[in-house]
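sequence plus predicted model, see below.
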Amino acid sequence: MALASALLQVMMDAVRKTGRPMLRDFGEVSQLQVSRKGPGDFVTAADIKAEQTLFELLNKARPGYSFLGEERGMVEGTDKTHTWIVDPIDGTTNFMHAMPHFAITVGLERKAPDGSSEIVAGVTYNPVMNELFWAEKGKGCYLNDSRIRVAGRKDLSESLIATGLPFIGKTGHGQAIKDIHAVGQRVAGIRRLGSAALDFAWVAAGRYDAYWERNLNPWDVAAGILFVTEAGGQVTTIDRDGDPKNGKQILAANPELHTQLRKLLQAA
């Protein structure tokens with residue numbers, strides 16, 4: 001096992017501390033204060049509280065880093081080369097319905113002098129299952145204390161694939177049906193469990209063979225992109241050009257399945 005760096009320890013401590021009160025809220029989910037952010041897209045008191053906790057802990061540990069959160073948007077820091085990218089509860093609808101499939105996820109983006117950027121560290125934590133996925137660029141991907149790698153399947157007919165589906169108020173319903181039709185005829189199964197952060201992590205761990213989704217956001221994908229690549233997989237946009245970090249369309253899989261799935265989705 002590789003030892004986590006001081007930077008990763010900061011991130012791990014932050015998500016674990018954030019997860020403790022979240023577990024209490026999860027246990028009393030029927031009493032959560034819930035307000036509407038948009039049709040079918042809810043924000044809970046737990047969401048806001050979790051993001052505030054993460055903001056305070058990360059800012060204390062690395063003063064000056066910028067912060068991009070789902071709830072508060074971008075907070076510019078004095079350090080223009082580093083940005084925390086945070087989703088306090090990825091899978092909020094699951095959380096609200098007492099489904100134990102949600103996660104706290106944090107990625108760290110670093111900008112180079114030429115203006116390019118990459119994700120250099122990431123953590124995703126499911127507090128109910130006590131599963132902490134973590135990675136740092138060039139050092140592999142881990143689940144708790146064990147190194148993980150993508151599955152080695154090469155045959156689509158034996159593969160379990162994850163995806164996401166748009167809900168009320170979101171666009172892309174027709175395209176999602178086309179995608180499922182194109183892929184579903186070729187694979188052993190398709191799953192939609194409702195947390196993009198965990199979909200990535202489960203691909204990295206070999207639980208899923210691949211994952212695709214359209215119309216995501218940077219905080220949904222930041223840590224997960226690093227997990228899959230550090231676990232030996234490949235992450236790109238579905239189309240030929242584009243930056244997967246923006247989340248607009250994304251495909252993650254082992255290299256051989258990736259090529260096959262990309263062709264199917266491009267043709268859908």
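Good, I have the coordinates.

got the confidence number for the one residue sitting closest to the centre of the chain?
The residue lying closest to the centre of the chain (C-alpha atoms, centre = their mean) is A197, at 2.3 Å. The model reports A197 with a pLDDT of 98.

check which helix or strand covers it.
A197 belongs to helix 196-204 when elements are defined using DSSP states H and E.

got it, and Q175?
Q175 belongs to helix 173-184, assigned by DSSP H and E.

tell me the angle the strand ranked longest in the chain makes with helix 196-204.
For the chain, the strand with the greatest residue count under DSSP state E is strand 79-90. Between strand 79-90 and helix 196-204, the angle comes out at 90 degrees (axes from the mean of the first three to the mean of the last three C-alpha atoms, to 10 degrees).

F55 against E71, yeah?
No. Taking C-beta atoms under 8 Å as the definition, F55 is not a contact partner of E71, at 9.5 Å. Backbone N, C-alpha and C define where each C-beta goes, glycine included.

surely the residue nearest to the centre of the chain meets P88?
No. Counting by C-beta under 8 Å, A197 does not reach P88; the two are 11.0 Å apart.

pretty sure A135 sits in a strand.
Yes. Counting by DSSP: H, G, I helix; E, B strand; the rest coil, A135 is part of a strand.

residues touching it, list them.
Residues near A135 by C-beta atoms under 8 Å, 6 or more residues apart in numbering: A121, G122, C141, Y142, A204, A223, L226, F227, E230, A231.

cutoff 10 Å now
2, 4, 8, 107, 119-124, 141-142, 147-148, 201, 204, 223-231 (C-beta atoms under 10 Å, 6 or more residues apart in numbering).

name the helix or strand for D25, please.
helix 6-27.

low-confidence ranges, the stretch 51-200 of the chain, go.
Under the criterion pLDDT under 70, no range of the stretch 51-200 of the chain is flagged.

hey, where'd the strands end up in it?
Taking DSSP state E, counting those that start in this stretch, the strands of the stretch 51-200 of the chain run over residues 65-69, 73-75, 79-90, 103-111, 117-126, 131-136, 141-143, 146-148, 160-163, 189-191.

now tabulate those in TSV and tack on distance to K263.
Formatted as TSV, the strands of the stretch 51-200 of the chain follow (distance: least, C-beta to C-beta, whole Å):
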stretch	distance to K263
strand 65-69	33
strand 73-75	36
strand 79-90	29
strand 103-111	29
strand 117-126	26
strand 131-136	28
strand 141-143	26
strand 146-148	27
strand 160-163	14
strand 189-191	17
